[in-house]
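Asks: Okay, sequence plus prediction incoming.
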Amino acid sequence: MEGALSKINPKEVVLSEDGKGQPPPWPFLEDKSIRYVSARYFLQDESYRLLTHHFQAHSISAIGEEGSDLIAAGALLAHVKEAQKGVIGTIITLQPYTLNNLMRIHPLAQQHLHLVPS
């Protein structure tokens, strides 16, 4: 997971409150904004409950394939819900983010190609 996260280079990371007060799990996170949510949202049942309730789905399979991706999505949804004071009705679908169709370009090559980081 560390390799995939370091490639994405997120500006903000959501972690379980169990890790609060401890150094980040990976060194590259030290300069990132870390937000903590209740550890319960990283539990499968609670995360799936939050997702099925929000998306008004009868089962988690209606939202996506079961697994750690949906648990992370539930924890992230909990963070957004808390940060936005419960106003998250505009989130109507989940779309996985994959690195399969992306290409990393060295910063020096970006300069020569006149590319601007987004």
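Replies: Received it, and whenever you're ready, just let me know what you need.
Asks: what does stretch 8-24 contact?
Replies: Here stretch 8-24 makes contact (Cβ atoms under 8 Å, 6 or more residues apart in numbering) with 5, 25, 29-30, 32-39, 41-42, 75-76, 79, 97, 99. Backbone N, C-alpha and C define where each C-beta goes, glycine included.
Asks: Next step: these restricted to strands.
Replies: Ser33, Ile34, Arg35, Tyr36, Val37 (DSSP state E).
Asks: buried residues in the helix ranked longest in the chain?
Replies: Ranked by residue count, the top helix of the chain under DSSP state H comes out as helix 68-83. Residues of helix 68-83 classed as buried: Leu70, Ile71, Ala73, Gly74, Ala75, Leu76, Leu77, Ala78, His79, Val80, Lys81 (neighbour count, 16 or more other Cβ atoms under 10 Å).
Asks: wait, isn't the last one in contact with Ile88?
Replies: Meaning Lys81. Yes. With contact defined as Cβ atoms under 8 Å, Lys81 reaches Ile88; the gap is 5.0 Å.
Asks: what's downstream of the worst-scoring helix or strand of the chain on mean pLDDT, the next helix or strand?
Replies: The helix or strand of the chain with the lowest confidence, counting by mean pLDDT, DSSP states H and E, is helix 2-8 at a mean of 73. Next in sequence after helix 2-8, counting helices and strands by DSSP states H and E, comes strand 12-16.
Asks: From His106, how far off is the residue of the chain most remote from its centre?
Replies: What lies farthest from the middle of the chain is His112; by Cα atoms, centre = their mean that is 31.8 Å. In this view, His112 and His106 are 9 Å apart by Cβ to Cβ, to the nearest Å.
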